[in-house]
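Visitor: after the sequence you'll find the predicted model.
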Amino acid sequence: MNAIELKEINKIYRTDEIETLALENVNLTIEKGEFVSVMGPSGCGKSTLLNIVGLLDEPTSGSVIIDNTTIGKMSDSKLAAFRNSKLGFVFQSFHLINSLNVLDNVELPLIYRSMSASERQRRVREVLERVGLSHRLRHMPSQLSGGQCQRVAIARAIVGNPEIILADEPTGNLDSKMGAEVMDLLHSLNKEDGRTIMMVTHNEQQARQTDRIIRFFDGRQVQ
Ligand SMILES: Nc1ncnc2c1ncn2[C@@H]1O[C@H](COP(=O)(O)OP(=O)(O)OP(=O)(O)O)[C@@H](O)[C@H]1O
């Protein structure tokens, strides 16, 4: 079973003056339960790829298939609901809401689901326990270390129980010890919970610990 399939993906950014071919004929299959790294030099198209897989941007041509559903023309609300149920996002700079405490940040993806408040609270506490932050529920992001912020962000990414986690340089802003903790957590979400993970990274050592490295150069897959 495949979690992610890309077929003949091209992405061209057009402005008045220039056209940039950011992805060229990308074909990619990621199986359910795989942990894959995406590597390549700055500007080679990694973020563009992650945005397309994450349904945050559309390819210029080609097809995107997530969990056996071909993403065609869906209304914005259908697409948002699909994204919300299938995909969890983790970013380099955490993207937490600074004015909300840990509990409220993690609850956000559940707000639009038909779920009772008590069920939401139960689920939020469960995932915060999963990432080892049960003792920091009422802290604000500014009162947490970088590694803790990223663990809150991971809890938020998994609270809706998505099968796929997309991580864009998840340890890029962390020192090596905190980075290793975050990587351990991602590996356990993959091995123990069976989630598919696609991670962009510049860290060769972390990439080698994943099942497969996909390398890009100049918008093309090189192996
Ligand atoms: N909105 C945009 N408009 C025009 N060109 C863009 C846009 N976004 C990205 N590009 C171009 O597309 C190419 C791929 O960019 P992308 O951000 O995907 O690279 P990247 O591999 O993620 O780089 P980095 O490692 O530096 O984050 C680059 O040449 C970039 O300049």
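Guide: Right, received. Where do you want to start?

Visitor: wait, residue 57 touches residue 51, no?
Guide: Yes - counting by CB atoms under 8 Å, residue 51 is a contact partner of residue 57 at 4.1 Å. To be clear about C-beta, it is placed using only N, CA and C from the backbone, and glycine gets the same treatment.

Visitor: and for these two, which residues touch both?
Guide: The overlap between the contact sets of residue 57 and residue 51 (CB atoms under 8 Å, 6 or more residues apart in numbering) is empty.

Visitor: for residue 37, what are its contacts?
Guide: Contacts for residue 37 (CB under 8 Å, 6+ apart) come out as 199, 200, 201, 206, 207, 210, 212, 213, 214.

Visitor: isn't the fourth one up against residue 171?
Guide: To tie it back to what came earlier, the one meant is residue 206. Yes - the criterion here is CB under 8 Å, and residue 206 meets it with residue 171 at 6.8 Å.

Visitor: in terms of neighbours, single out the busier of those two.
Guide: In this view residue 206 and residue 171 are compared by other CB atoms under 10 Å, and residue 171 has more residues nearby, 25 against 20.

Visitor: mind checking which helix or strand the more buried one is in?
Guide: Taking DSSP states H and E as the definition, residue 171 sits outside all helices and strands.

Visitor: sorry, back to before: shared neighbours of residue 206 and residue 171, anything?
Guide: Joint contacts of residue 206 and residue 171 (CB under 8 Å, 6+ apart) are 179, 183.

Visitor: burial check on residue 210, number of neighbours?
Guide: The burial count assigned to residue 210 is 21, neighbours taken as other CB under 10 Å.

Visitor: can you count the residues close to residue 41?
Guide: If you count neighbours by other CB under 10 Å, residue 41 ends up with 11.
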